[in-house]
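Trainee: With the sequence up front, the predicted model follows.
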Amino acid sequence: MRYKWYYSSFIVNRRKITDVTRKEIFTLFSEGYIEHTFSLLGSTEERMIYAYNGDISEILFLSELYQLEKMPSLNHRFNNALDDIYQHTVKNDDWELGWVFYDSRFNLKECEDEELLKFICRIFHPTVRNENACWKGFLDRIQNLLKPDGYELYTAELISGRAVYKWRELTEYEIRSNRFVPFSERFKGCSIQIPSISRNKRKALVELMHHIEENLPIVDDTGYQDYKYSCQIVMDEIKEFYKPKAYNDKNEYIEENDFDRFVIHTSPKSVFDVIELYSLFNNGNFSYEVNKILSDIGYKLVDGKMMIVRTNIDAEIPQEQTLKDLILEAEHHYRSKDINSKQRALEKIWDAFERVKTYYYTYNKRDSIEKIIQKISNEDTDLKNRLDAEFKELTEIGNNYQIRHFETNKKPITDIRIKEYWYTRCLAIINLVIRFVEK
């Protein structure tokens, strides 16, 4: 039975945001939207208008994103865009609402998705938005417009209790579905390694969920209303996607219907599923408490979804010139704002990885890798085995996935988050090797 419950709503570059979506977004800020209000006296209509620059001046808003002094003026009387915009938005105040979306200098109609999304996120930043105006209505409508094109805005952090929004790419499954899709289903078929979650952490998660669980109203397909506790609703939801399984005392992975035993003995991905589904109807400090429990596993709960904790890994620059060139080029592409660059970065860092593997012996990678591992592990057998497994795992990824754009016979990587994950993982092992072999 499919249950419904009540809760608060919460890449390669493909330029996936279509011209149709862009037009709708621009029109929204130019013309607003109609809000209908119903009462005993009848219905009323009100046009809701919201300026993209919120509580600050347009000059201040745009200066955070563009170098206005270096952009051209559309009027021969002024030297640059800054003077031009100041004249028309401050002195004369004669440009139409939302003019910026149609101004060719900012190119929001043709720009890369990342640039437009960055612009939109700034609109809703706490230091910009007008809290007393209808910004939330605009945000909700933009979310609905972006979802079919494969994006959503999410709460990345809080400033004085107010949400700071960033954007993320949706999986194809999420785009097709009209419902929330938990972690393991979003990344089904993707080679993502999830760190193990200790039994103590799992028990702490179970205790947290039971401590804050509520008896919630649910409505079945016939319209009948009943009540169920949060944990049971989560189990019901998981069954909509797969049979919940966990290890028993004989180490057999079998179907499990008990919430506590499921969380404590199931796979890490299924634990992530439980966390995400539970967070749908717990809006208090749940994310904070979960992230405190899982603080050292490399993932955190962000606006209802488990995400890799972003870490900035700076490249170690080697002495060997070819390797140095590959790493510098990879880092250049990775840090570029061009969303296409993530693919180029991945290609170059993988080339650097292949180069590292031949550091000692050009024509015998296996012996070269063994010598590298021996130098790093220094007779630590456990460390040696782990390093060997890491080299083999990364090699296997390169053999099976389309790391290089021309490898069309391999499995494509369609999610930019996977590219970023594999890039940083590959860079980390390269850095480790350089530190030891060129010490």
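Mentor: Yep, it's here.
Trainee: Buried ones in the longest helix anywhere in the chain, by neighbour count?
Mentor: Under DSSP state H, the helix in the chain containing the largest number of residues is helix 416-437. For helix 416-437, the neighbour count (16 or more other CB atoms under 10 Å) marks 416-427, 429-434, 437 as buried. The C-beta positions use only the backbone N, C-alpha and C, and glycine is treated the same way.
Trainee: ok, now stretch 50-70?
Mentor: Neighbour-count burial for stretch 50-70, counted by 16+ other CB under 10 Å, picks out 50-56, 58, 61-62, 66, 68.
Trainee: just stretch 112-121 next, same as before
Mentor: Buried, per 16+ other CB under 10 Å, within stretch 112-121: 112-117, 119-121.
Trainee: again, but for stretch 369-387
Mentor: Neighbour counts over stretch 369-387 (16+ other CB under 10 Å) mark 369-370, 372-373, 376-377, 384, 387 as buried.
Trainee: what does stretch 161-175 give?
Mentor: Of the residues in stretch 161-175, those buried (16+ other CB under 10 Å) are 163, 165, 167-171, 174-175.
Trainee: Pull up the distance across stretch 175-194, start to finish.
Mentor: In stretch 175-194, first residue to last residue: 24 Å (CA to CA, to the nearest Å).
Trainee: tell me the average confidence for it?
Mentor: For stretch 175-194, mean pLDDT is 79.
Trainee: likewise stretch 92-109?
Mentor: For stretch 92-109, mean pLDDT rounds to 93.
Trainee: how far out from the middle of the chain is stretch 24-43?
Mentor: Distance of stretch 24-43 from the chain centroid (CA atoms, centre = their mean, to the nearest Å) equals 31 Å.
Trainee: Flag every buried residue along that stretch.
Mentor: 25-26, 28-30, 32.
Trainee: Check the gap between residue 285 and residue 209 for me.
Mentor: Separation of residue 285 from residue 209 (CB to CB, to the nearest Å): 13 Å.
Trainee: hmm, I was thinking of residue 52
Mentor: 40 Å.
Trainee: tell me which element residue 246 is part of?
Mentor: Using DSSP states H and E, residue 246 sits in strand 245-247.
Trainee: Other residues contacting that strand?
Mentor: Here strand 245-247 makes contact (CB atoms under 8 Å, 6 or more residues apart in numbering) with 253-256, 261-262, 264-266, 270.
Trainee: between residue 285 and residue 209, which one's more packed in?
Mentor: residue 209 (23 against 11; other CB atoms under 10 Å).
Trainee: and the helix or strand harbouring the more buried one, C-alpha only, in CSV?
Mentor: Assessed by DSSP H and E, residue 209 sits inside helix 199-212. Extracted C-alpha coordinates of helix 199-212, given in CSV (Å, rounded to 0.1, in the frame of the first residue of the first chain):
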residue,chain,number,x,y,z
ARG,A,199,27.5,-0.5,15.3
ASN,A,200,27.8,2.2,18.0
LYS,A,201,27.0,4.9,15.4
ARG,A,202,24.0,2.9,14.1
LYS,A,203,22.7,2.4,17.7
ALA,A,204,23.0,6.2,18.2
LEU,A,205,21.0,6.8,15.1
VAL,A,206,18.3,4.4,16.2
GLU,A,207,18.1,6.1,19.6
LEU,A,208,17.9,9.5,18.0
MET,A,209,15.1,8.5,15.7
HIS,A,210,13.1,6.9,18.4
HIS,A,211,13.6,9.9,20.7
ILE,A,212,12.1,12.3,18.3
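Trainee: in that helix, what counts as buried?
Mentor: Neighbour-count burial for helix 199-212 [16+ other CB under 10 Å]: 201-202, 204-206, 208-209.
Trainee: Which elements pack onto that helix?
Mentor: On a contact count with 3 or more CB pairs under 8 Å, 6 or more residues apart in numbering; DSSP states H and E, helix 199-212 meets helix 230-239, helix 259-265, helix 268-279, helix 286-293.
Trainee: After that helix, heading C-terminal, what element do we hit next?
Mentor: Per DSSP H and E, helix 199-212 leads on to strand 215-219 as the next helix or strand towards the C-terminus.
Trainee: what about that next one, average pLDDT?
Mentor: 84.
Trainee: now it against helix 230-239, angle please.
Mentor: Inter-element angle recorded for strand 215-219 and helix 230-239: 40 degrees (by axes from the mean of the first three to the mean of the last three CA atoms, to 10 degrees).
Trainee: Which neighbours in the sheet does strand 215-219 have, and how are they oriented?
Mentor: Strand 215-219 has the following sheet partners, assigned by DSSP bridges: strand 4-5 (antiparallel), strand 225-229 (antiparallel).
Trainee: Of these, which is nearest residue 345?
Mentor: Shortest distance between residue 345 and the strands paired with strand 215-219, using CB to CB, is found for strand 4-5: 42.2 Å.
Trainee: Okay, the most centrally placed residue in the chain and residue 340: tell me how far apart.
Mentor: Against the mean C-alpha coordinate of the chain, by CA atoms, centre = their mean, the closest residue is residue 168 at 3.9 Å. Relative to residue 340, residue 168 is positioned 18 Å away (CB to CB).
Trainee: Let's verify residue 164: helix, strand, or coil?
Mentor: Three-state call for residue 164 (DSSP: H, G, I helix; E, B strand; the rest coil): strand.
Trainee: Tell me, domain by domain, which residues of this structure belong where.
Mentor: Domain segmentation of the chain under automatic domain parsing yields 17-149, 183-308, 321-437.
Trainee: Using just helix, strand and coil, how would you label residue 257?
Mentor: Put simply, residue 257 is coil when judged by three-state DSSP.
Trainee: Can you report how many residues lie near it?
Mentor: 12.
Trainee: With the one 10 residues further on instead?
Mentor: Applying other CB under 10 Å, we find 16 residues neighbouring residue 267.
Trainee: measure it to residue 162 for me?
Mentor: Note on residue 267: its distance to residue 162, by CB to CB, is 36 Å.
Trainee: Sheet-wise, list the partners of the strand holding residue 246 with their directions.
Mentor: Applying DSSP bridges, strand 245-247 is found paired with strand 253-255 (antiparallel).
Trainee: Kindly provide the whole-number mean pLDDT of the partner strand.
Mentor: Rounded mean pLDDT across strand 253-255 is 95.
Trainee: hang on, the earlier thing: of the domains of the chain, which is nearest residue 156?
Mentor: When those are compared by CB to CB, domain 183-308 sits nearest residue 156, at 6.3 Å.
Trainee: what's the spacing between the closest one and its chain's center?
Mentor: Computed by CA atoms, centre = their mean, the separation of domain 183-308 from the middle of its chain amounts to 20 Å.
Trainee: Span of that domain from start to end?
Mentor: 12 Å.
Trainee: Any stretches of this protein with poor pLDDT?
Mentor: 1-14, 190-192, 283-284, 310-314, 336-339, 439 (pLDDT under 70).
Trainee: quick one: residue 202 from residue 261, how far?
Mentor: Separation of residue 202 from residue 261 (CB to CB) stands at 10 Å.
Trainee: Sounds good, over and out.
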